[in-house]
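>>> Predicted model follows, preceded by the sequence.
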Amino acid sequence: MTIKPLIILPDPLLRQVSTPIERVDDDMRQLADDMLETMYDAPGIGLAAIQIGVPRRLLVIDVAKEGEDKRPLVFINPEIITSSDERSVYEEGCLSIPDYYAEVERPASVTVKSIDRDGKEQLTEADGLLATCLQHEIDHLNGVLFIDHISRLKREMVIKKFTKAAKSKAL
């Protein structure tokens, strides 16, 4: 397994819509393993392939609490098929927007259809942190960032800060 470099805001790749995966093979499983290794190293609880520069519809999640055994989940071509009217608010962060957190309101529960690492269709009913994480990562696959769910003023301030930081690193 290989730890991959993370794509950081304002990289335009983060706004790209990821393409579906046609077949699950050893290369795709290796990519999922590399993504898990990268996510654990960061450390984070979710990672979309686009965040390591691969515009494919693949994400990994592990919402196990510290001290618990790891429970890695792999979602290929995930799609939200139902979401609750009930809402919940979580303070979200993102490995591609380091050290910035904001409260985001999303549906409290979702049902996600996807393919697992063995190529089998799976249906995942999620609530709580898993539901929030799934929505956050699926947003990535659609070129949407969690800051798109906060006020325009706050979002513009965050983008300006990261653009400025990127320019100073480029010098």
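Cool, got the structure. None of these values were measured; they are calculated from a predicted model. Numbers count the residues shown, from 1 in each chain.
>>> neighbours around residue 13, how many?
If you count neighbours by other CB atoms under 10 Å, residue 13 ends up with 14. Every C-beta, even on glycine, is put in place using the N, C-alpha and C of the backbone.
>>> ok, it touching residue 49?
No. Using CB atoms under 8 Å as the test, residue 13 is too far from residue 49 to be in contact (10.8 Å).
>>> where do the contact lists of the two overlap?
Common neighbours of residue 13 and residue 49 (criterion: CB atoms under 8 Å, 6 or more residues apart in numbering): residue 55.
>>> which of the residues in the helix or strand of the chain with the lowest mean pLDDT are buried?
When the helices and strands of the chain are scored by mean pLDDT, DSSP states H and E, helix 152-170 comes last with a mean of 92. Going by neighbour count (16 or more other CB atoms under 10 Å), the buried part of helix 152-170 is 155, 158, 162.
>>> what are the ranges of the helices in this protein?
Using DSSP state H, the helices found in the chain span residues 26-41, 128-141, 152-170.
>>> residues in contact with the first one?
Spelled out, it's helix 26-41. Residues outside helix 26-41 that contact it (CB under 8 Å, 6+ apart): 1-4, 6, 21, 45-47, 49, 52, 54, 56, 58-60, 62, 70, 72, 74, 76, 95, 117.
>>> go again using 10 Å as the cut-off
Contacts to helix 26-41, defined as CB atoms under 10 Å, 6 or more residues apart in numbering, come from residues 1-6, 21-22, 24-25, 44-49, 51-52, 54, 56, 58-62, 70, 72-76, 95, 115-119.
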